[in-house]
Each structure stands twice: as C-alpha cells, then as structure tokens.
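heads up, no residue letters with this:
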C-alpha cells in the first residue's frame with residue numbers, strides 16, 4: 001500500500017495563495033486532488049498523469065489552481081491562487097497505481113492522504 005502524506009494547508013485571506021504537497025512512498029500512475037467541505041460530498045479538483053504530466057482540472061478551479069509533480073521526490077503539488085471563501089474545505093490527495101477509470105471519480109484511486117484543512121477568509 002502506498003502512503004501519502006499531505007502538507008501545506010492553512011488559513012489565508014481571499015485572493016491569497018497556498019501550495020499543498022503530497023509525498024508518496026512510491027510513484028503512481030496518476031495523482032488526484034479532491035476536497036470536501038462540511039456537509040458536502042467529496043469533490044474532484046485536479047489530476048495529473050504521473051509520467052506524462054498531462055493535467056486535468058475541475059471548471060471551478062481552472063485558471064486558478066495548478067497541479068504538478070516531482071518524479072524524483074515522488075511528490076505532487078497543488079498550487080492554489082486567487083483563493084475564494086468557497087474553496088474552504090479539507091483537501092485530499094489520492095493516487096492510482098494503474099488506470100482505473102475517469103480521473104474525477106473517487107473510485108479510480110487506490111490510496112488517500114489524511115487530508116489537510118484549507119480555510120479562506122473573506
């Protein structure tokens with residue numbers, strides 16, 4: 001089983017930036033970021049193909065967030081800019097060992113991080 005450790009959450013004012021990191025115990029086929037706000041379902045945010053570097057984004061974050069990875073460090077990143085109060089949630093990284101379906105489905109991922117809180121104040 002792959003261990004995922006997330007860091008980088010915190011409190012930021014609207015319009016600010018944060019960078020989340022997710023370090024994996026080994027590489028993956030794909031890494032995704034999801035978020036879950038209180039009382040809401042887990043929502044897909046972004047994903048990256050680990051070797052090719054192809055990226056995908058939810059419409060709600062396109063143009064504001066950027067996903068990337070460092071293959072040597074087995075670490076994925078989510079750079080979040082122009083943050084809005086509605087971005088407030090617990091953010092989770094997830095990894096898939098192989099292709100298992102659409103990158104925006106939680107069922108496509110094998111392993112999950114512990115989550116990190118992101119709070120955006122207005």
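Received it, and whenever you're ready, just let me know what you need. Computed from a predicted structure; not experimentally measured.

tell me how many other residues crowd residue 107.
9 (other C-beta atoms under 10 Å). C-beta here means a position set from N, CA and C on the backbone, and glycine is covered the same way.

ok so it is a helix residue?
Yes - applying DSSP: H, G, I helix; E, B strand; the rest coil, one finds residue 107 inside a helix.

roughly how far apart are it and residue 100?
7 Å (C-beta to C-beta, to the nearest Å).

and residue 79, by the same measure?
26 Å.

same deal with residue 119?
31 Å.

could you find the closest non-adjacent residue to the most centrally placed residue in the chain?
Nearest residue to the geometric centre of the chain (C-alpha atoms, centre = their mean): residue 33, 2.3 Å. Spatial nearest neighbour of residue 33, excluding adjacent residues (C-beta to C-beta, 6 or more residues apart in numbering): residue 45 at 4.4 Å.

and if you look at residue 50?
Residue 50 sits nearest to residue 28 (C-beta to C-beta, 6+ apart), 5.1 Å away.

which residues sit in contact with that neighbour?
Neighbouring residues of residue 28 by C-beta atoms under 8 Å, 6 or more residues apart in numbering: 2, 50, 95-97, 111.

give me the phi and psi for it.
When read as degrees, to the nearest 10, the backbone of residue 28 gives phi -140, psi 170.

cool, and the one 5 residues further on?
Phi and psi for residue 33, reported as degrees, to the nearest 10, are phi -120, psi 140.

isn't it right next to residue 9, touching?
No - contact between residue 33 and residue 9 fails when scored by C-beta atoms under 8 Å: they sit 11.8 Å apart.
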